[in-house]
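S.K.: attaching a predicted model along with its sequence, questions to come.
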Amino acid sequence: MLVFIYDGTFEGVLTCIFEGYNSRRFPDAIKVKGKQSQDMFAELIALESDSGKAERVWKGIRQKLTVKNKQLLYYAFLSEAQGIEMNILRFAQRLFTEKASIETDFGDSHVLEVVQNARKVKKEAMRMMQFVRFQQTKDGLYFCGIEPRYDVLPLVLGHFRSRFADQQWLLYDLKRNYGAYYDKKTVEEVELTSSEINRHTGQVSENVLNEGDALYKTLWKSYFENISIKERKNLRLQRQHMPRRFWKYLTEKQ
């Protein structure tokens, strides 16, 4: 059994695909470094991510996909689904081999897994853009803690950078413990260690919260309560459009 070990990045997966074709030996499994199981009969090959090799593979993949699915494999990778690396590899192999489109060949389990996971990721990214609520701290920073099911932070940064271009903000993934900080010019990845952030709710501690933000919360809650019509309340429909797992991040639901 041949196992490729990589660094857990999408660039790393593309490098694995390149090495498979280059060596003419494709793996039976692709595992993240440090998370592979101990199998005394497996041949382990550790691969370092190579941006040049990854770019060649990515270019070839995108040339084969239709316009609407150019990012299909990247979205699928962000799902973090078990075995997604091998599904991406098998998808790529068929993509490079066959002339006809395979994007809707759901009889192939690898294609089905890639497409289904990509759809879940895109849906989760849309929800993040809908349900994010920033809190302003005393130093003027707008902060929001989120805990998405999938690693969708890279997919929503463009939206927030465009919408809040004149503000400093920090969007933080509490589940994966990393975030994106925007300083009105560039976005950089950060990791927080501060105890001022509630890791469960994503709420900023009251002692660092801007007074105006606290007032805004009160006004927003009051508005939300007064526009609701009790006789027409439909909790089932509300949960369908606004899943309960997002409520702890919403000001109007506190």
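M.R.: Sure, I can see it. Residues are numbered from 1 along each chain as shown.
S.K.: stretch 44-62: which residues count as buried?
M.R.: Taking 16 or more other Cβ atoms under 10 Å as the basis for neighbour counts, the residues of stretch 44-62 that come out buried are 47, 49, 50, 53, 54, 56, 57, 58, 60, 61. Where you see a C-beta, it was placed from the backbone N, CA and C, and this is true even at glycine.
S.K.: now the residues you listed as a markdown table including distance to residue 97 and secondary structure?
M.R.: Output for the buried residues of stretch 44-62, formatted as a markdown table (distance: Cβ to Cβ, whole Å; DSSP: H, G, I helix; E, B strand; the rest coil):
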| residue | distance to residue 97 | secondary structure |
| --- | --- | --- |
| 47 | 22 | coil |
| 49 | 25 | coil |
| 50 | 23 | coil |
| 53 | 19 | helix |
| 54 | 20 | helix |
| 56 | 17 | helix |
| 57 | 14 | helix |
| 58 | 18 | helix |
| 60 | 12 | helix |
| 61 | 13 | helix |
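S.K.: identify, from these, the entry nearest to residue 82.
M.R.: Checking the buried residues of stretch 44-62 against residue 82 by Cβ to Cβ gives residue 47 as the nearest, at 19.9 Å.
S.K.: about what we covered before: for the buried residues of stretch 44-62, which one is nearest residue 191?
M.R.: For those, the closest approach to residue 191 (Cβ to Cβ) belongs to residue 49, at 20.0 Å.
S.K.: okay if I get the buried residues of stretch 44-62 as a markdown table plus distance to residue 98 and pLDDT?
M.R.: As requested, the buried residues of stretch 44-62 are exported to a markdown table (distance: Cβ to Cβ, whole Å; pLDDT from 0 to 100):
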| residue | distance to residue 98 | pLDDT |
| --- | --- | --- |
| 47 | 26 | 96 |
| 49 | 28 | 97 |
| 50 | 26 | 97 |
| 53 | 23 | 98 |
| 54 | 22 | 98 |
| 56 | 20 | 97 |
| 57 | 17 | 98 |
| 58 | 19 | 98 |
| 60 | 14 | 97 |
| 61 | 13 | 97 |
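S.K.: I'm done for today, thanks for sticking with me.
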